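Novice: need coordinates for the following:
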Amino acid sequence: MEKTFVQKVSEFEEKIRTFDKRKLVFLIPIVLLFALLPLLFVKEDQKERTLIDDARDLMSASEENCTNEDKLINIVFGKITDSDFEYEGPVPDSGQIAIAKNCDVAIAVHDGTSCAMMYFGEEELKMSTFPRTECMLGANVFDDKLIIDKINEGFIPITSAKELRKIGSEEEHIFAEGRKYETTLKADMNGKYFLVNDIELNEEWTPIGNEENPFTGEIDGEGYTIKNIKISFIKEYEDEELQDEDDETLKELEEFFDGYLDERDTYVDWNSNKGIFGYVNEAKFENINFIVDIEASSYVGGIIARADEVTINNVTVSGKIKGTDRIGGFVGYGENVKINDSTSSVSVEGKSYVAGFVGTATNAFFERSIVSGKIKGELIISGFIGDVNNISIKNCYSKAEVTSISYVAGFIGISDINSGIIENSYSIATIQTEADNFAHFNMGTPTGFQIVNSFYGVEEVDAIYSDISKTFTDMKKKSSFENWDFENTWKIEEGKSYPTLR
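Specialist: A predicted model of the protein is given here:
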């Protein structure tokens, strides 16, 4: 029987009621979830804000707990492990606080879910989902702070041979790539640079700076070393038109680098002016060690080929250098060169004007420095400087092994004018020569040149120079060095050692 209209309406209403009941079973949880989501986010936001507030409170307390030394404080299971740290506020589950001696603070704290972190030099706390093991400042956090401080002072960090080669490029480059303190800066010739770690050069080195565009900046090695600095003698002509014309010159130079140098006056230009830096003007180098292996012709230095107004502090050079004339362990040729607290132990070999520190100079000043390498040549060869027209050497000593055919000295090869001083210094340099013209301090005694409280060691006191010569035995006695400062500058092991610098 066909259903009436009223029956059909009744059945439809029943289906609606049944549908709503079934749907409600599924819809209610979904509706509740959407209703609670905002509350969950609010709770998470509140938790992050709490962590940030706790971190800020700890940072404020850290400034109040600052001392005159760097301090790293750990937080374990919600407790500060340092009993001297005064703080009564809430403490996150774990973390670290670094308090620098200048009262700067870095922090990394974890609440079980999130990490709030801020390094030295940053201005805002950063939130992340780092696990506890990664929410840490790290053991080298204070080293990083020193680096960041140095960058803030305008210095550019050097971390690799690639970055070292960018110095003076006059272009923008990435420095300290991949480090926390990575930065993009312009590498000018007048820039200030510093090493972050030791650097090894595995390719032939091209000197930085030339006559038209000298290096005028500053290098602070921070105590690190640049190793394997290799500059080789070029035996191929760059200009093929000169090949036949200069064959004989090239042959003679090749013979020198296979044996010893015969007398000759012509050298190829592209083997001159070699060093880590070619030309330097009004620059500064400090706190750095160089290990070199250089072969060139004239004007060659372990650090600088040609220098004008350069200051070198707390620098060492070791390795070997071979050239022809004006060869120095530090500088080939210089004007107004100041070298302090430095050591040259490099082996230097050449023809003339060869020395452990500077080959030839107009005005040179040394304080608290040592030369100890092997220095070999033919004419005007010495421990500190080959040829100079004005010199000052104070609180220095030479224990070099100096070999020459003629004009050889423990300190100065020859001085052209009547001014200069060697004061509170000594030489126990070994001098090997068959010539009569040698000296333990300097060749010649020009009027006005002074040797003050300075001595050289001999087996027997020289009757002619009894005022400046002492036996090797007496050189190991403190009483032999009257007016020397053994409190601040020198030290000696009585009867056992020669004086050494503190």
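Novice: next, count neighbours for the closest residue to residue 50 other than its chain neighbours.
Specialist: Nearest residue to residue 50 in three dimensions, chain neighbours excluded: residue 111, at 7.5 Å (C-beta to C-beta, 6 or more residues apart in numbering). Yep, even glycine has a C-beta here, placed from its N, CA and C like the rest. Residue 111 has 20 neighbours, counted by other C-beta atoms under 10 Å.
Novice: go on, residue 124?
Specialist: 7.
Novice: repeat for residue 228
Specialist: 16.
Novice: how far away is the nearest residue in space to residue 480 that is not next to it in sequence from residue 227?
Specialist: Setting aside the residues directly before and after it, residue 480 is nearest to residue 474 in space (C-beta to C-beta, 6+ apart), at 4.8 Å. Note on residue 474: its distance to residue 227, by C-beta to C-beta, to the nearest Å, is 40 Å.
Novice: and these two? Which one has more around it.
Specialist: The neighbour comparison of residue 474 against residue 227 (other C-beta under 10 Å) goes to residue 227, with 18 against 15.
Novice: can you tell me the element the more buried one falls in?
Specialist: Using DSSP states H and E, residue 227 maps to strand 225-231.
Novice: wait, the residue nearest to residue 50 touches residue 47, no?
Specialist: Yes: between residue 111 and residue 47 there is a contact at 6.7 Å, judged by C-beta atoms under 8 Å.
Novice: per-residue pLDDT of residue 220, please?
Specialist: Residue 220 is assigned 96 on the pLDDT scale.
Novice: then residue 176?
Specialist: 92.
Novice: for it, phi and psi?
Specialist: Backbone torsions of residue 176, given as degrees, to the nearest 10, read phi 60, psi 40.
Novice: can you name the next helix or strand after whichever strand or helix holds residue 59?
Specialist: In the assignment (DSSP H and E), residue 59 maps to helix 5-64. Next along the chain after helix 5-64, taking DSSP H and E as the criterion, comes strand 71-76.
Novice: if we can go back for a sec, phi, psi for the residue nearest to residue 50 please.
Specialist: Per degrees, to the nearest 10, the backbone of residue 111 is at phi -110, psi 10.
Novice: same check on residue 132?
Specialist: Here the main-chain torsion angles of residue 132 (degrees, to the nearest 10) amount to phi -50, psi -40.
Novice: against residue 103, how distant is it?
Specialist: 27 Å.
Novice: one more: residue 389?
Specialist: The value you get for residue 389 to residue 103, if C-beta to C-beta is used, is 51 Å.
Novice: for residue 55, same thing?
Specialist: 17 Å.
Novice: give me the buried positions along stretch 82-90.
Specialist: For stretch 82-90, the neighbour count (16 or more other C-beta atoms under 10 Å) marks 85, 87 as buried.
Novice: between the two ends of it, how far is it?
Specialist: By C-alpha to C-alpha, to the nearest Å, the extent of stretch 82-90 from end to end equals 15 Å.
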